[in-house]
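Asker: I would like to see how this sequence folds:
(2 chains)
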Amino acid sequence: QQQVKQSPQSLIVQKGGISIINCAYENTAFDYFPWYQQFPGKGPALLIAIRPDVSEKKEGRFTISFNKSAKQFSLHIMDSQPGDSATYFCAASKGAQKLVFGQGTRLTINP
Amino acid sequence: DAGITQSPRHKVTETGTPVTLRCHQTENHRYMYWYRQDPGHGLRLIHYSYGVKDTDKGEVSDGYSVSRSKTEDFLLTLESATSSQTSVYFCAVNGGLGGPGLTYNEQFFGPGTRLTVL
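Answerer: Residues are numbered from 1 along each chain as shown, chains lettered A, B, ... in the order given. Predicted structure coming up:
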C-alpha cells in the first residue's frame, strides 16, 4: 500500500529557530510532493510543493529539501514565528492521481 | 479558498440516520475529492470525482456514497451513520492544469464539516 510516513508527530521550537519536519515515501513513481499548513478550524492550505527533478525549493522562509535516492523529503521553516504554529502535512502523488498524506505534525513556536 | 463552500459546517446526528454533506465550487474544476480527518491519521480519501457522474473509491469508502450530477456540486452521503464516522470532512478540488493530461495534483480544500454521530 502506498504510504507516506511523517515525523515528528509534534514539535516545539523557539521563536527564531529552525523547524524541520520529515517525510518518507515508498512509491518511487510519486512525482509531486506538496506540504500543507492547517490552522485550527480551517481547511489545509497548500504551502509549497516540489517535483523530483530538483533537490530543493525555497519560498520565503519555507524550504523543501528532496532526496530522491533516500525517498525522503523535508520541510524547513527558517526564523520560525509564533504565527507558524499550525499542523503541517506532507503528501505525495503520481501525476493527477490521488494524494497520499502523512499523519501530520503539530508545530508550536514558543515566543 | 478556490471558491469552495461546504454545508453544513457542523452537524450532530444519531446513529442509523442518513446524512448528506454538500460541497460546492464556483471555478469549474473537473476533479473533486472528499476526505476525512481524524487525529493520528492525517487526511484519508473517501471518494473522488473526475467529472459529472464519474466517481471512484478512495481508501476509506466503506459506509459512504457520493454523487455528482453537476460540475459544481459533489455530495457525500452516509447511508446509516455510525459513531466511527464522527470526524471532520473536507472537500477539495484539483486546481492544477486542466485538460486530459493534468500535470500535477494541486489540491485546494474547503473549510470542512464537523460531523458528530451520537
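
Asker: Any regions of chain A where pLDDT drops low?
Answerer: Within chain A, the ranges that satisfy pLDDT under 70 run A:1-2, A:96.

Asker: Any buried residues in the helix or strand encompassing A:Leu47, and which?
Answerer: Using DSSP states H and E, A:Leu47 maps to strand A:45-50. Across strand A:45-50, burial judged by 16 or more other C-beta atoms under 10 Å in any protein chain shown covers A:46-50. Glycine gets a C-beta too; all of them are placed from N, C-alpha and C.

Asker: Can you show me the strands along chain B?
Answerer: B:4-7, B:10-13, B:19-25, B:32-38, B:42-51, B:54-57, B:64-70, B:73-78, B:87-94, B:107-109, B:113-117 (DSSP state E).

Asker: ok, now chain A?
Answerer: A:4-7, A:10-14, A:19-25, A:33-38, A:45-50, A:56-59, A:62-67, A:72-77, A:86-92, A:100-101, A:105-110.

Asker: among the buried residues of strand A:45-50, which are in reach of chain B?
Answerer: Counting by C-beta under 8 Å from any C-beta of the partner chain, A:46, A:49 from the buried residues of strand A:45-50 sit close to chain B.

Asker: can you tell me which of the buried residues of strand A:45-50 lies nearest to B:Arg44?
Answerer: Nearest to B:Arg44 among the buried residues of strand A:45-50 is A:Leu46, at 18.1 Å by C-beta to C-beta.

Asker: which one of the buried residues of strand A:45-50 sits closest to B:Ser69?
Answerer: A:Leu46 (28.0 Å).

Asker: The closest one pairs with what?
Answerer: A:Tyr36 (DSSP bridges).

Asker: residue contacts, B:Arg68?
Answerer: B:Arg68 makes contacts with B:32, B:49, B:51-55, B:74-75, as judged by C-beta atoms under 8 Å, 6 or more residues apart in numbering or on different chains.

Asker: Using TSV, please lay out the strands of chain B together with mean pLDDT and distance to A:Val54.
Answerer: What follows is the strands of chain B, written out as TSV (pLDDT from 0 to 100; distance: least, C-beta to C-beta, whole Å):
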stretch	mean pLDDT	distance to A:Val54
strand B:4-7	96	30
strand B:10-13	97	42
strand B:19-25	97	31
strand B:32-38	95	26
strand B:42-51	93	25
strand B:54-57	92	31
strand B:64-70	96	35
strand B:73-78	98	33
strand B:87-94	95	22
strand B:107-109	91	21
strand B:113-117	97	37
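
Asker: Could you work out the most separated pair of the contacts of B:Arg68?
Answerer: B:Gly51 and B:Leu75 (14.9 Å).

Asker: These two: who's more crowded?
Answerer: B:Leu75 (17 against 11; other C-beta atoms under 10 Å in any protein chain shown).

Asker: picking that back up, and B:Ser84, which of the strands of chain A is closest to it?
Answerer: Closest among the strands of chain A, using C-beta to C-beta: strand A:100-101, at 19.5 Å.

Asker: now what about the closest one, what contacts it?
Answerer: Contacts of strand A:100-101 (C-beta under 8 Å, 6+ apart): A:2-4, A:25, A:30, A:36, A:89-93, B:42-44.

Asker: Those residues into TSV, with extra columns for neighbour count and distance to B:Val19?
Answerer: Formatted as TSV, the contacts of strand A:100-101 follow (neighbours: other C-beta atoms under 10 Å in any protein chain shown; distance: C-beta to C-beta, whole Å):
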residue	neighbour count	distance to B:Val19
A:Gln2	15	29
A:Gln3	12	30
A:Val4	24	29
A:Tyr25	21	34
A:Phe30	22	34
A:Tyr36	26	26
A:Phe89	26	26
A:Cys90	28	31
A:Ala91	26	27
A:Ala92	27	31
A:Ser93	23	29
B:Gly42	22	23
B:Leu43	27	20
B:Arg44	17	18
